[in-house]
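**Q** Sequence first, predicted model second:
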Amino acid sequence: MNRVYLLLGSNVDRERNLPAAVRLLRGHGLTAASPAYETEPVGTGDPAPFLNAAALLVTALGPEDVKRDVCGGVERALGRRRDPLDKFAPRTIDVDIALWNDAAFAVSGSPVPDPDILRHLHAARPLADLAPRLVHPVDGRTLAAIARDLEAETPPARWPRPRPDVDLG
């Protein structure tokens with residue numbers, strides 16, 4: 001069985017779409033979800049904040065099947081429309097493979113582990129909540145250490161803000 005960590009984000013009807021994505025993942029081997037965090041958008045002029053979270057799936061599926069059927073299936077179910085001219089466009093939901101067991105590879109052109117884990121606190125913090133002692137297969141630090149290091153270089157005003165009112169249960 002594969003242990004697959006996913007990153008989830010929404011900035012369109014986010015209080016509805018993020019929990020809905022977690023509910024849909026229950027049918028695909030979801031074993032845990034992080035708390036929800038409110039975060040500022042990255043790489044876009046759209047000021048709408050995001051809700052971000054991480055999820056752990058345990059599945060026998062392979063990477064292409066998870067990317068296409070699980071991640072893509074959740075995005076399609078929640079009406080995700082991709083703008084080919086703006087990869088940072090607002091989205092109902094974004095579901096990406098962040099980590100796959102202890103492997104490093106590419107799936108459908110996307111690198112795994114997701115490079116955002118090492119660059120952005122909105123990715124590192126929810127993953128560290130799920131698996132603080134998990135070692136990043138390329139970097140060699142634990143997810144907790146990565147999140148702690150990103151916090152040290154990020155002004156506290158830009159840290160992800162916990163949203164306990166958003167139940168991902």
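**A** Arrived safely, thanks for sending.

**Q** those helices in this structure, which residues are they?
**A** With DSSP state H as the definition, the chain shows helices at residue ranges 14-25, 63-65, 72-77, 116-119, 121-130, 143-153.

**Q** how far out from the middle of the chain is the fourth one?
**A** The offset between the C-alpha centroid of helix 116-119 and the centroid of the whole chain comes to 11 Å, using Cα atoms, centre = their mean, to the nearest Å.

**Q** which parts of it are buried?
**A** Within helix 116-119, the residues scored as buried using 16 or more other Cβ atoms under 10 Å are D116, I117, L118. Yep, even glycine has a C-beta here, placed from its N, CA and C like the rest.

**Q** can I get those in JSON lines with distance to D149?
**A** Shown next, in JSON lines, are the buried residues of helix 116-119 (distance: Cβ to Cβ, whole Å):
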{"residue": "D116", "distance to D149": "14"}
{"residue": "I117", "distance to D149": "11"}
{"residue": "L118", "distance to D149": "9"}
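
**Q** what's in contact with stretch 36-44?
**A** Contacts to stretch 36-44, defined as Cβ atoms under 8 Å, 6 or more residues apart in numbering, come from residues 9, 11, 18, 47-53, 86-89, 120-122, 125-126, 158, 160-163, 166, 168.

**Q** If any of the residues you listed are buried, put those into a ChimeraX selection.
**A** Buried residues within these, by 16+ other Cβ under 10 Å, are selected in ChimeraX with:
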select :9,11,18,50,51,52,53,120,121,122,125,126,160,163,166,168
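
**Q** re the thing from before, mind putting the buried residues of helix 116-119 in TSV, pLDDT included?
**A** Putting these into TSV (pLDDT from 0 to 100) gives the following:
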residue	pLDDT
D116	96
I117	98
L118	98
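
**Q** out of the residues you listed, who's nearest R76?
**A** Each of the buried residues of helix 116-119 was scored against R76 by Cβ to Cβ, and D116 proved nearest at 22.3 Å.
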